[in-house]
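Participant: build the 3D model from these lines:
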Amino acid sequence: MLYQPHPNKSAKTVNCAVITVSDTRSSETDKSGQLIQQLLLDAGHAIASYAIIKDEPSQIREQLVTIGNSQIEAVIFNGGTGIAPRDTTHDALEGLLEKTLPGFGELFRYLSYQEIGSRAIASRAIAGVYQHQLIFSIPGSTGAVKLAVEKLILPELVHLIEQISSQS
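Facilitator: Just a heads-up that it's a prediction; the model follows:
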């Protein structure tokens, strides 16, 4: 168990959305999106929305704006975080985030480096706040998803949501 300097005050259920960004995945082949949902559910959180969208900046932004008008508290995007021409998730989200959490991407790349070596530099994982919602964007491989959700997102999810809520 990791040390938590600020233990969660309660066992809060967070309403989450899971968005897979992919030109090729379907609900049957989206192992990463399924894994994120399962890990969130196992931790006592709720899946309020799940979608697979094309790696098109306009669709990514539209998805975030649509979710921004809902009761969803946290959104996890997976896929499209590399540097290939079709990897546009980071670029589409970065400009919409009102606040960023640079430590998320830094820690994700550090932990990834320990598992996959120097290839971790190609990840553009990012997190931040958009319209009082916590936004994460992580690579779409199942290994990256497991790492990000188990080591970074779940240990801090309730605490970060409480921080955002205290600002409203």
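
Participant: got the end-to-end distance for stretch 139-149?
Facilitator: 11 Å (CA to CA, to the nearest Å).

Participant: do stretch 85-101 as well
Facilitator: Termini of stretch 85-101 sit 25 Å apart (CA to CA).

Participant: contact partners of that stretch?
Facilitator: Contacting residues not belonging to stretch 85-101 are listed as 21, 23, 55-58, 60-61, 64-65, 77, 79-81, 124, 126-131, 135, 137, 160 [CB atoms under 8 Å, 6 or more residues apart in numbering]. The way it works is simple: take the backbone N, C-alpha and C, and place the C-beta from them, glycine included.

Participant: do the same with stretch 66-75
Facilitator: With contacts defined as CB under 8 Å, 6+ apart, stretch 66-75 is touched by 14-19, 48-49, 64, 130-131, 133-136, 157, 160-161, 164.

Participant: now do the strands in this protein.
Facilitator: For the chain, applying DSSP state E gives strands covering 15-21, 46-53, 74-78, 99-100, 126-130, 133-138.

Participant: mean neighbour count, distance to Y110 and mean pLDDT added to those strands, as JSON lines?
Facilitator: What follows is those, written out as JSON lines (neighbours: other CB atoms under 10 Å; distance: least, CB to CB, whole Å; pLDDT from 0 to 100):
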{"stretch": "strand 15-21", "mean neighbour count": "24", "distance to Y110": "23", "mean pLDDT": "97"}
{"stretch": "strand 46-53", "mean neighbour count": "16", "distance to Y110": "28", "mean pLDDT": "97"}
{"stretch": "strand 74-78", "mean neighbour count": "26", "distance to Y110": "19", "mean pLDDT": "98"}
{"stretch": "strand 99-100", "mean neighbour count": "13", "distance to Y110": "17", "mean pLDDT": "97"}
{"stretch": "strand 126-130", "mean neighbour count": "21", "distance to Y110": "14", "mean pLDDT": "97"}
{"stretch": "strand 133-138", "mean neighbour count": "26", "distance to Y110": "14", "mean pLDDT": "98"}
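
Participant: can you list those in a markdown table and add distance to L107?
Facilitator: Formatted as a markdown table, the strands of the chain follow (distance: least, CB to CB, whole Å):
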| stretch | distance to L107 |
| --- | --- |
| strand 15-21 | 20 |
| strand 46-53 | 24 |
| strand 74-78 | 16 |
| strand 99-100 | 13 |
| strand 126-130 | 10 |
| strand 133-138 | 12 |
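
Participant: no more questions from me, cheers.
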